[in-house]
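S.K.: Below is the sequence, then the predicted model.
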Amino acid sequence: MSILVIAEHDNATLKGATLNVLAAAAEIGGDVDVLVAGSGCQTVVDAAAAVAGVAKVLVADNAVYEHQLGEVMGDLVANIGTGYSHILAPATTTGKDLLPRAAALLGVNMLSDVIEVVAADTFSRPVYAGNAVATYQSNDAIKVLTIRATGFDAVAATGGSATIEAVDFVSAYGKSVFLSEELAKSDRPELTAAKVVVAGGRGMQNGDNFAMLFDMADKMGAAVGASRAAVDAGFVPNDLQVGQTGKIVAPELYIAVGISGAIQHLAGMKDSKVIVAINKDEEAPIFQVADYGLVADLFDAVPELDKLV
Amino acid sequence: MKVLVAVKRVIDYNVKVRVKPDNTDVDLNNVKMAMNPFCEIAVEEAVRLKEKGIASEIVVVSIGPKVAQEQIRTSMALGADRGILIETEDKLESLTVARLLQAVVEKEEPQLILMGKQTIDSDNNQTGQMLGALTGMAQGTFASDVAIDGDKVKVTREVDGGLRIVTLELPAIVTTDLRLNEPRYATLPNIMKAKRKPLAIMTPADLGVTMESTQTLLKVVPPAERQAGIKVADVAELVEKLKNEAKVL
C-alpha cells in the first residue's frame, strides 16, 4: 500500500494536524509520501522531510498553489494521486475544501472526519453531529479520507530523512482568484493545538467581557474558544468557534465558562482530557460531561480563578 | 440570472438521535424530518438575491423519496419558483448525488448554484466540492457572504484562521455556512401559493445516472459516554483539584 498525505501549512510552517494525519497513515500501514503544495514553501518541505516515517516529500512549489485554493489543489491531488491506495488530508477547512474535489476528479467517494482506522479499507467517523459513530468499508480503488486530528496522537516531528522530489504538474485552472484574507493574529497557541482551552458562551453577555477570558488564557498559555451562541451573537469572531461545525479540540484541560453545553458544542470538545464547567445554571447539560463543575456566577468565579492559576 | 438550490430532507435538528439496538443504523422511524438547516440558508440566500433583482428564477432540486416533496414545497413557500425531485429510495453517497446534480445543472444551466456546506445527518461536507469537480465550476465553500458582481461572485469564506475572500467566475457553486443569513419563516399565504408552483418529478434513469454505492455501512454505535464528574464548592476547591487530583495546572 502507498499513502499520500496532504500537508497542512501556510508556506512557512508545517501545521501540527499533519502529524496526526501521518499517525493515521501509519495505522493503515505502507509507504507514506507527503505532498507540500505552496509557493516559497521550502521550510515546510524541510520540516516534512524530517518527520518520522515519511518516505518521500513531493513538492509543488509554484505561484498557482500559493493560497492552496480548492480548485487548483483538487487538480494537483487528482493528477499525482492515481498511483496511491490512500489519499489523506487533515479535516481542516483547507482539507475539506480540496479533497472532495480531488476525489470526484478521481471518480471515487470519500470519507470525512475519520476518527479510527479499523482496517486498511474500514474506517469510523462521527455522524449526526457526533450522536453516532458509523463504521464504513470503502470499496473504492483509492481510499480518500479526511482525518480528524483529535482521533490520532501526533507522530514525532523529527527522526526522519525523506527524499524530496519536485512535482511538475501545474494546474491551469483560472476561474477562482484569491482576493484577501483576514486572519486572526495572535501570540496565543492555536486553538486546535493548545494544551489548555478557555472557552466562553452566551453567558459572557458581550464581547467586552471576553477580555477576562483572554487575560486568564494568556496567564495560562491557553487558547480561547467560544460556543456557537457566542459567535452568532457577535461576541467573538468565527475562528474561535468550537463544535461540530467549528473546530474540534481535545486539550489536556478545557474550561467552559458560561456555556450551556448544546450537543453541537459537546461534539467539538468532549474528547478533552479534563473538562471544567463554570455555569450559574446547575441544570446546564455541560455539567453532564464536566469532570469538575462549579455552579457559580462566572463574573465572580473567573476573576477569582484568574488570581489562583 | 437563474439560481439552482439543492436541498435535502434530513432528521429535524431538534430531534434526539438514537442508534438502533442492533447497531445497523440510526433509528429514523417516526421521527420528525425537515429541511437540512444549511440548505435552508441556501434557499434564503437565493430568495434575497431575487428580492435584490439579481436572481430572475430560483429552481430547487432535491434527491430522495417521494416525501422529499415536502422540503421542495417548503422552499417554494420561502420564495423558490419551481422544483425538481429526483425520486429514489436508494442510499445516497456524495459522488452519486454530485452526478445527479451535474445532470440537472447541464439541463437547467444556472448561473449560480447554492447548497449547504454539509447535511446534519451524514455530516460529509463533500457534495458541493464534488459538483465543482464534475462541472469544472469554481467553488466558494463555507460562505458567510455572497456578492454578485457582473459575471463574477465574491465569496467570503469561513476558514480555520478567520475569513478568506475569493472571486469566482460565474457560473459557480457556493456552499453556505451558518452565518451567511438567518432564514425567514414561511407565511401561510405563501405556503398556500407554494402548492400551485410547478414541481417536476424524475428518476435517476431519466437523467442517465446509475445509482452506485462504493461504501458499505458496517455498524453504527452511540458515541463513547463521558461520565459526569463532581461538583466543587468554590474556586479554591476547583484549583486544588486541578492541581493535585487532575494534575493539569
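M.R.: Arrived safely, thanks for sending.
S.K.: tell me which element residue A:302 falls in.
M.R.: helix A:298-308 (DSSP states H and E).
S.K.: what sits against residue 28?
M.R.: In the absence of a named chain, this looks at chain A. By CB atoms under 8 Å, 6 or more residues apart in numbering or on different chains, the contact set of residue A:28 is A:1, A:3, A:86, A:117, A:120. (Each C-beta comes from the backbone N, C-alpha and C, glycine too.)
S.K.: was after chain B, sorry
M.R.: Counting by CB under 8 Å, 6+ apart, residue B:28 has contacts residue B:11.
S.K.: List of residues touching stretch A:206-219?
M.R.: A:188, A:196, A:198-200, A:204, A:222-224, A:226, A:230, A:234-236, A:257, A:299, A:302-303, A:305-306, A:309.
S.K.: Buried among these? Need that as a selection in ChimeraX.
M.R.: Entered in ChimeraX, the line below selects the buried ones among these, by 16 or more other CB atoms under 10 Å in any protein chain shown:
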select /A:196,198,199,200,204,222,223,224,226,230,235,236,257,302,305,306,309
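S.K.: Which ones among the contacts of stretch A:206-219 also lie next to chain B?
M.R.: Restricting these to those near chain B by CB under 8 Å from any CB of the partner chain leaves A:196, A:305, A:309.
S.K.: mind giving me TSV with those residues and columns for pLDDT?
M.R.: TSV is the format used below for these (pLDDT from 0 to 100):
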residue	pLDDT
A:196	97
A:305	97
A:309	90
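S.K.: Closest one to chain B out of these, please.
M.R.: Minimum distance to chain B across those is 5.1 Å, recorded for residue A:305 (CB to the nearest CB).
S.K.: Pretty sure that closest one sits against residue B:239.
M.R.: Yes: counting by CB atoms under 8 Å, residue A:305 does reach residue B:239; the two are 6.9 Å apart.
S.K.: Now for those two: what residues contact both?
M.R.: Common neighbours of residue A:305 and residue B:239, counting by CB under 8 Å, 6+ apart, are absent.
S.K.: buried stuff in the strand or helix carrying residue B:141?
M.R.: Following DSSP H and E, one finds residue B:141 within strand B:138-149. Neighbour-count burial for strand B:138-149 flags B:138, B:139, B:140, B:141, B:142, B:143, B:144, B:145, B:146, B:148 (criterion: 16+ other CB under 10 Å).
S.K.: Next: stretch A:258-274.
M.R.: For stretch A:258-274, burial by neighbour count (16+ other CB under 10 Å) applies to A:258-272, A:274.
S.K.: what's the answer for stretch A:77-87, then?
M.R.: A:77, A:78, A:79, A:80, A:81, A:84, A:85, A:86, A:87.
S.K.: which outside residues touch it?
M.R.: By CB under 8 Å, 6+ apart, stretch A:77-87 touches A:1-4, A:6, A:25, A:28, A:30, A:33, A:35, A:58, A:98-99, A:101-103, A:105-106, A:120, A:142-145, A:167, A:169, A:171, B:133.
S.K.: same deal with stretch B:194-206?
M.R.: B:69, B:72-74, B:76-77, B:80-88, B:90, B:100, B:186, B:210-211.
S.K.: Please work out the average pLDDT along it.
M.R.: In this model, stretch B:194-206 carries a mean pLDDT of 98.
S.K.: again with stretch B:7-26
M.R.: When pLDDT is averaged along stretch B:7-26, the result is 95.
S.K.: Give me the distance between the two termini of that stretch.
M.R.: Terminal residues of stretch B:7-26 lie 21 Å apart, using CA to CA, to the nearest Å.
S.K.: and it with chain A, contact?
M.R.: Yes: contact of stretch B:7-26 with chain A (CB under 8 Å from any CB) involves B:11, B:16, B:17, B:19, B:26.
S.K.: Mind picking the one among the buried residues of strand B:138-149 that's closest to chain A?
M.R.: residue B:138 (3.9 Å).
S.K.: So which of the contacts of stretch A:206-219 belong to strands?
M.R.: A:196, A:198, A:199, A:200, A:223, A:224, A:226, A:257 (DSSP state E).
S.K.: quick one: which of these is nearest to residue B:46?
M.R.: Closest to residue B:46 out of those is residue A:226 (29.5 Å), distances taken as CB to CB.
S.K.: how far away is that closest one from residue B:35?
M.R.: Going from residue A:226 to residue B:35 by CB to CB, to the nearest Å gives 27 Å.
S.K.: Restrict stretch B:46-54 to CA atoms and write it as PDB.
M.R.: Output of stretch B:46-54 as PDB, limited to C-alpha atoms (Å, rounded to 0.1, in the frame of the first residue of the first chain):
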ATOM      1  CA  ALA B  46     -31.400  32.700  -3.300                       C
ATOM      2  CA  VAL B  47     -34.600  34.500  -2.200                       C
ATOM      3  CA  ARG B  48     -32.600  37.500  -1.100                       C
ATOM      4  CA  LEU B  49     -30.800  37.600  -4.500                       C
ATOM      5  CA  LYS B  50     -34.200  37.600  -6.200                       C
ATOM      6  CA  GLU B  51     -35.500  40.400  -3.900                       C
ATOM      7  CA  LYS B  52     -32.500  42.400  -4.900                       C
ATOM      8  CA  GLY B  53     -33.400  41.900  -8.600                       C
ATOM      9  CA  ILE B  54     -30.200  39.900  -9.200                       C
END
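S.K.: now that stretch, how far from the centre of its chain.
M.R.: 20 Å (CA atoms, centre = their mean, to the nearest Å).
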